[in-house]
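> Need coordinates for the following:
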Amino acid sequence: MPELPEVETTRRKIEPLLVGRVLTRIEHDAPHKYLGTHRAEGRTVTGIGRRGKYLLLQLAASEAAEDETNAEYSGPLELLVHLGMTGGFRLEHGKHTRVTLHTDEGAVYFNDARKFGKVAVVRPGEYAAFPTLHGMGPEPLSDDFREADFVKLAASAGAVKPWLLSQKPVSGVGNIYADESLWMSRLHPAQTRLRPAEARKLYAAVREVMAAAVAAGGSTLGDGTYQQHDGEAGLFQLRHHAYARNGTPCDRCGVTIEKIVLAQRGTHFCPHCQVLKAR
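Numbers count the residues shown, from 1 in each chain. Sure, this is the predicted structure:
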């Protein structure tokens, strides 16, 4: 699944394709799934933000509402996009195109082979229908992500990897970057109730890993998962120390990286560097 670095890269790539353009029509293949998209039609995209793994397209206020039903949506709106596991934008229609954003200067296509992506139009900040987004923790590269707060929360955390994946202590961390951050901080993915020193190491690792991954354009996996419309691949996969490296030597100690399933997610770690401690 695309995580913060991949979604941030996507945001930067599609910004020049959509900002300043009018969404003249939105087509999709699942009316029950892509919610309220008709409300975006006729609106100008004024900016594209990101929150965790969600893209937030800011839409200008409507000049006039056609009826009372639409009147409550006449102000500025947001078009939310979650890439799911395989979502991405393209410049040509394909067999996996799910949503087409027609603009006054051409079309942009949202492709999603496995159909887990989401698109919806809401009033700015009204995310109650999206529990993960509504309850999301701070951005890992922002000033809102404070070490003291993270250390306090980590002291009572359950297994640390599922805790990170919940998006509550920090946003945007998924399977890849959880594994990489835990390897860097020498913490076992199932470790619970982190000591302050452990939590501080993890806090620093999350920030370092995320910053490096964003700078590298994210990770493009061997099966082609996560690709941009211009064909340019991410490069951070060349710097993975743990994720998908099971069966290869740990870059730090040489012991073989192992893979387990934790909270239904494939999890990679070094059994020598990342020892589970009794608590």
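> Tell me how many other residues crowd residue 115.
Neighbour count of residue 115, defined by other CB atoms under 10 Å: 14. Just so you know, the C-beta spots here come from the backbone N, C-alpha and C atoms, and that holds for glycine as well.
> is it true that it touches residue 85?
No: Residue 115 lies out of contact with residue 85 (CB atoms under 8 Å); the separation is 9.0 Å.
> Could you check how far residue 23 is from residue 244?
When CB to CB, to the nearest Å is applied, the distance between residue 23 and residue 244 equals 37 Å.
> So for the two, which sits in the more crowded spot?
Counted by other CB under 10 Å, residue 23 and residue 244 do not tie: residue 23 has more neighbours, with 22 against 18.
> Distance of that one relative to residue 274?
In this view, residue 23 and residue 274 are 47 Å apart by CB to CB.
> can you map out the helices along this structure?
For the chain, the helices defined by DSSP state H cover 4-18, 68-71, 131-134, 147-154, 160-165, 175-184, 196-215.
> Of the ones you listed, which is nearest residue 221?
Closest of those to residue 221 is helix 175-184, at 8.5 Å (criterion: CB to CB).
> So which elements touch that closest one?
helix 160-165, helix 196-215, strand 265-269 (3 or more CB pairs under 8 Å, 6 or more residues apart in numbering; DSSP states H and E).
> Can I get those in TSV including distance to residue 10?
Below are those laid out as TSV (distance: least, CB to CB, whole Å):
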stretch	distance to residue 10
helix 160-165	20
helix 196-215	11
strand 265-269	22
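> of those, which approaches residue 106 most closely?
With CB to CB as the measure, helix 196-215 is the member of those nearest residue 106 (27.9 Å).
> Can you check what angle separates that closest one from helix 175-184?
130 degrees (axes from the mean of the first three to the mean of the last three CA atoms, to 10 degrees).
> Output the below-cut-off pLDDT ranges for the stretch 51-200 of the chain.
Within the stretch 51-200 of the chain, the set of residues satisfying pLDDT under 70 comprises 64-71.
> For the stretch 1-150 of the chain, just list every one of the strands.
Per DSSP state E, counting those that start in this stretch, the stretch 1-150 of the chain has strands spanning 22-28, 43-51, 54-59, 77-82, 87-90, 97-103, 106-112, 118-122. These are given in chain order.
> which stretch among those comes nearest residue 193?
strand 43-51 (28.5 Å).
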